[in-house]
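In: Quick check, what structure comes out for this input:
(one chain, ligands or ions: 1)
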Amino acid sequence: MTTFRNFIGGHWVAPSTGAYFENRNPANQDDLIGQFPASGVADVEAAVASAQRGFARWKRTPAPARGDVLRRVGDLLAARKEELADIMTREMGKPLAETRGDVQEGIDTAYYAATEGRRLFGHTVPSELANKWAMSMRRPIGVCGLITPFNFPLAIPTWKAFPALLCGNAVILKPAEDVPHTATVLVEVLLEAGLPPEVIQLVHGMGEVVGKALVEHPQVPVISFTGSTETGRLVGETCGRMHKRLSLEMGGKNAQIVLDDADLDLALDGVLWGAFGTTGQRCTATSRLVLQRGIHDQFVERLVARANALRLGDGRVAGTEVGPLVHADARAKVERYIEIGKAQGATLACGGARATGGALDKGFFFQPTIFTGVTAGSRLDQEEIFGPVLSVIRVDTVDEAFAVNNGVRYGLSSSVYTRDVNVAFRALQELDNGITYVNAPTIGAEAHLPFGGVKETGNGHREGGWEVYEFYSETKVGYIDYSGALQRAQIDNY
Ligand code: NAD
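Out: Modelled structure (predicted):
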């Protein structure tokens, strides 16, 4: 069996605990990928000490030179795209077409970061006093603790690590325990691209041990967390108490709205991709379908036929459209929600059970599932399931559709299918989400635009695009008075 290591102090090292956990293919539990460190608090301590040394050096490296490293990272990821996609599919299950997209998002993020090294704009503004200069600039902050989920094993670590590094910080990555192999290759790539070794640390292990220790460490002033709202709340409580800079990206309960005037073929393709892509395990997955009364019945009929025809299987086999759930707990959670849906009076239109037979028996497969007759306010309407379960809600009007979309505690993504330009612009204005798509599914964010959600999905920060660079850097303002006299702002000039 292959034994993997942490990357701490500039070396690949065994965990202080001597303990390891297994990583198995969710499509085939007989396929053991390897064992990974179940690290302890001492490993986090060592990583922080090393990252502080790395930071002292890296913050003095000019930002364009830091960008050059990230450009090489992009080149190396592009060269290893197929290999990385295969590693990812093997450890978390989504089909190769999707894991290739995951790598591409990392490549895009690297190239964007590379060019940002020649911007990192501050402002120069006029001073209110004569012979005085006023400006702002960006400064690195220190050691950033990055805690990531399983569903985008490469893209999400790159969304966090690349801007953090470009801004001149050192990074400690704690990847989800389901996808440690992808994170290992990402660190290899960063080192091969020329990142000084102590600028990056990789500490594998359990969230409650390694993640918690990172969040609680006083010398880690920045935490960026993506995961469930429940874990994010714990992280937020600690960071609040310790006055840390914190970015939270958490759960979603995203709706696709299809209005009577929509292009139904387009809407059908959109909801199949949005609801069942990545087996519904995306923060932006379509978990609610809001249908206007006029098209409801015919749309449901066509949707059920298409969902029943989706090809389930090993994501590494050509032709597979839907892979397994990530682990047994995820499948058990989906099964609980099937019972909840039935108990609350929803109608099971298709799916609702494990997908079995042949090779499927070796993995955590679940049939694409659609509930109809779901009522606003019920648990199927309100709670994140994170699996291939779509809840259909019927509405009469546009206003009602928008109210259903907004009537949840989450606010990540939404989608509206309509041919009415007035309704399209109303949706952008009135839907309480960080992202709204018109005539496109709830998934499909691009790396150069800000990404994140409102309400209990986030805490006001965004990943991606230009905004994330503000999170990973501190604003410093400089005033230079070249008048040779004491000039008192707000006093001498008024
Ligand atoms: P999770 O909350 O179980 O785990 C996320 C990470 O947190 C993992 O690395 C885990 O080890 C770590 N962790 C667990 N307990 C911790 C603790 N006490 N302290 C610190 N770290 C801890 O989430 P998951 O199952 O990996 O991912 C699914 C969730 O992530 C879903 O809710 C999904 O919506 C969300 N998600 C959100 C976004 C977004 O951008 N909004 C993107 C992807 C996933």
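
In: Which positions in the stretch 201-350 of the chain make contact with the ligand?
Out: Applying C-beta under 6 Å from any ligand atom, we find that the stretch 201-350 of the chain lies next to the ligand at 207-208, 211-212, 215, 226-228, 231, 234-235, 249-252, 283. All C-beta atoms are positioned from the backbone trio N, CA, C, and that covers glycine.

In: Report the buried members of the residues you listed.
Out: Among those, those classed as buried by 16 or more other C-beta atoms under 10 Å are 207, 211-212, 215, 226-228, 231, 234-235, 249-252, 283.

In: now, among the residues you listed, which is nearest to Ala79?
Out: Using C-beta to C-beta, Thr226 comes nearest to Ala79 of those, at 26.6 Å.

In: hmm, back to that, point out the ones among the buried ones among the residues of the stretch 201-350 of the chain next to the ligand that are inside strands.
Out: Residues of those located in strands (DSSP state E): 226, 249.

In: Now the two most distant members of the buried ones among the residues of the stretch 201-350 of the chain next to the ligand.
Out: Using C-beta to C-beta, those reach their maximum pairwise distance at Lys212 and Gly252, which is 24.0 Å.

In: Skip the chain neighbours and tell me the closest residue to the residue of the stretch 1-150 of the chain at minimum distance from the ligand.
Out: Nearest residue of the stretch 1-150 of the chain to the ligand: Pro149, at 3.2 Å (C-beta to the nearest ligand atom). In this structure, Pro149 finds its nearest non-sequential neighbour in Gly227, 4.6 Å apart by C-beta to C-beta, 6 or more residues apart in numbering.

In: For Lys333, see how far away the one you found is.
Out: Noted for Gly227: a distance of 15 Å to Lys333, by C-beta to C-beta, to the nearest Å.

In: just Met242 next, same as before
Out: Separation of Met242 from Lys333 (C-beta to C-beta): 31 Å.

In: same question, Trp159
Out: From Trp159 across to Lys333, the span is 25 Å (C-beta to C-beta).

In: quick one, which of those two is more surrounded?
Out: Applying other C-beta atoms under 10 Å to Trp159 and Lys333 shows that Trp159 carries more neighbours, namely 27 against 16.

In: secondary structure class for that one?
Out: Three-state call for Trp159 (DSSP: H, G, I helix; E, B strand; the rest coil): helix.

In: show me what contacts it?
Out: 105, 109, 447, 451, 463-464, 468 (C-beta atoms under 8 Å, 6 or more residues apart in numbering).

In: Show me what from the stretch 351-494 of the chain comes close to the ligand.
Out: Residues of the stretch 351-494 of the chain lying near the ligand (C-beta under 6 Å from any ligand atom): 384, 386, 412, 453, 457.

In: residue contacts, Thr279?
Out: Thr279 makes contact with 93-94, 322-325, 366, 387-388, according to C-beta under 8 Å, 6+ apart.

In: how about those residues in JSON lines, adding secondary structure and neighbour count?
Out: Compiled in JSON lines, the contacts of Thr279 are given as follows (DSSP: H, G, I helix; E, B strand; the rest coil; neighbours: other C-beta atoms under 10 Å):
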{"residue": "Gly93", "secondary structure": "coil", "neighbour count": "33"}
{"residue": "Lys94", "secondary structure": "coil", "neighbour count": "28"}
{"residue": "Val322", "secondary structure": "strand", "neighbour count": "25"}
{"residue": "Gly323", "secondary structure": "coil", "neighbour count": "30"}
{"residue": "Pro324", "secondary structure": "coil", "neighbour count": "28"}
{"residue": "Leu325", "secondary structure": "coil", "neighbour count": "25"}
{"residue": "Phe366", "secondary structure": "strand", "neighbour count": "27"}
{"residue": "Gly387", "secondary structure": "coil", "neighbour count": "24"}
{"residue": "Pro388", "secondary structure": "coil", "neighbour count": "29"}
